[in-house]
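A.B. asks: What follows is a protein structure lacking sequence information:
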């Protein structure tokens with residue numbers, strides 16, 4: 001029974017889906033949200049760093065390493081480019097094409113830009129020395145599907161929102177508009193903060209002025225990221241203002257589901273699309289993320305190892321059990337052989353008896369499998385999170401990036417025991433028992449009846 005349960009646990013964990021929750025990344029309403037998978041990003045960084053080597057400058061797969069000589073000695077700087085971090089447009093469009101998806105939006109990462117012909121809003125009582133002196137640009141394909149708008153916090157006071165197809169347009173806060181006497185139709189200028197000496201101006205026409213129910217929480221400290229200085233633009237404007245035209249950094253994608261009653265069906269259809277899911281998190285309306293076990297640390301490898309160990313150990317344990325069982329029946333076997341019974345018939349009888357016990361054990365194990373396998377899968381998933389965190393702590397500092405992983409909590413592990421698993425487990429147990437009985441029986445049956453009976457006397 002124990003061996004059968006371990007086999008089922010291994011198979012169920014290998015095909016399990018791990019559901020995590022990240023309260024900082026919630027989908028809103030009847031929609032799905034696509035984000036980059038943080039664990040996969042870290043994995044790709046470490047792989048790229050491994051290809052470059054610890055003391056080598058260069059670029060590999062979007063990761064850059066550079067040696068900098070300072071007064072404190074040689075320092076290494078590492079960073080990733082937009083192509084490494086951005087959601088892939090082709091993948092977004094594949095999801096958007098799923099029947100039931102009514103519309104979709106793409107949102108860029110928050111992009112700081114220097115204000116040109118206008119002044120940003122600052123706190124007069126705060127020393128601005130440590131601040132980069134910018135405003136924050138957020139590009140959207142459809143501003144109406146931006147999370148701030150969907151939540152009801154942001155609404156248009158005058159003008160309109162950004163729509164698909166708009167170019168070089170922006171929507172600013174009512175506070176920023178009032179402070180600079182800006183109206184709909186005016187043009188704002190922005191400069192590349194990384195190259196402030198460059199006189200190139202990037203212009204965006206104001207098509208709307210928004211108001212908020214409550215100030216948006218800043219993503220980082222400093223007046224650059226304060227609510228009043230957030231400017232919504234068309235999807236491709238932020239990359240221009242950062243001096244990286246044609247190299248966008250898409251951070252989120254939102255897919256609006258038309259029929260709420262079909263939500264689960266449409267979500268399941270999305271998850272079946274052939275894309276590199278290891279690169280993404282698909283977040284549902286409850287903020288839950290389903291990550292297949294093959295993408296969840298090494299859960300699949302651990303489960304496969306559990307199956308192999310169970311097979312090997314099970315055969316060994318069963319061999320010793322049946323060896324002891326057969327030895328206790330040597331007298332019976334010797335008499336049967338003396339009476340002319342075929343060795344194959346005796347082995348068949350031993351196997352039949354063992355099979356009856358096996359069937360009883362399988363019945364009990366199948367009945368208790370759903371509860372046991374779920375507990376085992378939860379345990380393995382928790383152990384994987386713990387081991388992954390230990391490894392990340394050990395690797396901390398090897399690669400310097402601006403990336404900081406958010407904390408995620410496991411809210412469920414779906415380790416279903418299917419009919420195929422039960423069938424495989426049952427056949428496997430029968431084969432193991434058969435092999436163990438045959439191996440143990442041969443050690444006795446290879447002797448003649450006289451030798452067996454003489455040993456007993």
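C.D. replies: Ah, there it is. Small disclaimer: the values here were computed from a predicted structure and weren't measured.

A.B. asks: Run through the stretch 351-457 of the chain and note the low-pLDDT ranges.
C.D. replies: 361-362, 365-366, 368-419, 421-422, 425, 437, 439-457 (pLDDT under 70).

A.B. asks: Confidence-wise, which helix or strand of this structure is lowest on average?
C.D. replies: Lowest mean confidence among the helices and strands of the chain (mean pLDDT, DSSP states H and E): strand 17-21, at a mean of 50.

A.B. asks: show me what contacts the residue nearest to residue 275 when sequence neighbours are not counted?
C.D. replies: With sequence-adjacent residues excluded and distances taken as CB to CB, 6 or more residues apart in numbering, residue 275 is closest to residue 91, at 4.5 Å. The C-beta positions use only the backbone N, C-alpha and C, and glycine is treated the same way. By CB atoms under 8 Å, 6 or more residues apart in numbering, residue 91 lies in contact with 34, 275, 276, 279, 280.

A.B. asks: distance of the last one from residue 431?
C.D. replies: Spelled out, it's residue 280. Using CB to CB, to the nearest Å, one obtains 40 Å as the distance from residue 280 to residue 431.

A.B. asks: got it, and the third one?
C.D. replies: As defined by CB to CB, residue 276 lies at a distance of 37 Å from residue 431.

A.B. asks: Need the contact partners of stretch 54-67.
C.D. replies: So stretch 54-67 is in contact with 44-45, 47-49, 51-52, 74-81, 83-85, 398-399, going by CB under 8 Å, 6+ apart.

A.B. asks: what's the answer for stretch 199-208, then?
C.D. replies: Outside stretch 199-208, the residues within contact range by CB under 8 Å, 6+ apart are 113, 116, 156, 158-162, 166, 168-172, 177, 182-192, 233-234, 237, 240-241.

A.B. asks: Just the buried ones among these, please.
C.D. replies: Members of these that pass the buried threshold by neighbour count (16 or more other CB atoms under 10 Å) are listed as 113, 156, 159, 161-162, 166, 169-172, 177, 182, 184, 188-192, 233-234, 237, 240-241.

A.B. asks: hey, where'd the strands end up in the stretch 1-150 of the chain?
C.D. replies: With DSSP state E, counting those that start in this stretch, the ranges of strands along the stretch 1-150 of the chain come out as 17-21, 31-36, 58-60, 63-70, 73-80, 101-108, 111-115, 135-140.

A.B. asks: Can you name the residues that contact the closest residue in space to residue 152 that isn't next to it in sequence?
C.D. replies: When the adjacent residues along the chain are set aside, residue 152 lies closest to residue 213, with 6.7 Å between them (CB to CB, 6+ apart). By CB under 8 Å, 6+ apart, the residues touching residue 213 are 152, 153, 155.

A.B. asks: Make a ChimeraX selection of whichever of those turn out to be buried.
C.D. replies: Restricted to the buried members of these, where burial is judged by 16+ other CB under 10 Å, the ChimeraX selection command reads as follows:
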select :153
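
A.B. asks: From start to finish, how long is stretch 96-113 in a straight line?
C.D. replies: The straight-line separation of the ends of stretch 96-113 (CA to CA, to the nearest Å) is 30 Å.

A.B. asks: swap that for stretch 94-104, please
C.D. replies: Distance between the boundary residues of stretch 94-104 (CA to CA) amounts to 11 Å.

A.B. asks: what does stretch 154-171 give?
C.D. replies: 11 Å.

A.B. asks: related to what we said a few turns ago, take the contacts of stretch 199-208 and keep only those in helices.
C.D. replies: Residues of these located in helices (DSSP state H): 177, 237, 240, 241.

A.B. asks: Which members of these are the farthest-apart pair?
C.D. replies: Greatest spacing in these, by CB to CB: 177 and 240 (21.9 Å).

A.B. asks: Any chance of the strands of the stretch 1-150 of the chain in JSON lines with distance to residue 127 as columns?
C.D. replies: Rendered in JSON lines, the data for the strands of the stretch 1-150 of the chain read as follows (distance: least, CB to CB, whole Å):
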{"stretch": "strand 17-21", "distance to residue 127": "38"}
{"stretch": "strand 31-36", "distance to residue 127": "34"}
{"stretch": "strand 58-60", "distance to residue 127": "37"}
{"stretch": "strand 63-70", "distance to residue 127": "26"}
{"stretch": "strand 73-80", "distance to residue 127": "27"}
{"stretch": "strand 101-108", "distance to residue 127": "30"}
{"stretch": "strand 111-115", "distance to residue 127": "18"}
{"stretch": "strand 135-140", "distance to residue 127": "19"}
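
A.B. asks: tell me the most buried of those strands?
C.D. replies: Across these, averaging neighbours per residue (mean count of other CB atoms under 10 Å) puts strand 135-140 on top, at a mean of 26.

A.B. asks: List the contacts of that strand.
C.D. replies: Counting contacts by CB under 8 Å, 6+ apart, the residues touching strand 135-140 from outside are 105-108, 110-113, 115, 120, 146, 162, 170, 176, 190, 219, 224-225, 229-239, 241, 248.

A.B. asks: how close does residue 113 sit to residue 171?
C.D. replies: In this structure, residue 113 lies at 15 Å from residue 171, with CB to CB as the measure.

A.B. asks: which sections of the stretch 201-350 of the chain are below the confidence cut-off?
C.D. replies: 286-303, 306, 311, 314-315, 318-319, 322-347.

A.B. asks: quick one, helices of it?
C.D. replies: Along the stretch 201-350 of the chain, the stretches classed as helices by DSSP state H, counting those that start in this stretch are 237-241, 263-271, 299-327, 330-338, 343-395.

A.B. asks: Give me the helices and strands touching the shortest one, please.
C.D. replies: Going back to what we said before, that points to helix 237-241. For helix 237-241, the contact count by 3 or more CB pairs under 8 Å, 6 or more residues apart in numbering; DSSP states H and E identifies strand 111-115, strand 135-140, strand 202-212 as packing neighbours.

A.B. asks: Can I get those strands in TSV including distance to residue 356?
C.D. replies: Shown next, in TSV, are the helices and strands packed on helix 237-241 (distance: least, CB to CB, whole Å):
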stretch	distance to residue 356
strand 111-115	71
strand 135-140	68
strand 202-212	73
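
A.B. asks: right, and those strands - which one's nearest residue 420?
C.D. replies: Judged by CB to CB, the one of the helices and strands packed on helix 237-241 that comes nearest to residue 420 is strand 135-140, at 45.1 Å.

A.B. asks: returning to what we had before: how about the helices and strands packed on helix 237-241, which one is nearest residue 436?
C.D. replies: For the helices and strands packed on helix 237-241, the distance to residue 436 is smallest for strand 135-140, at 64.8 Å, taking CB to CB.

A.B. asks: how big is the angle separating the closest one from strand 111-115?
C.D. replies: Computed by axes from the mean of the first three to the mean of the last three CA atoms, to 10 degrees, the angle separating strand 135-140 from strand 111-115 equals 130 degrees.
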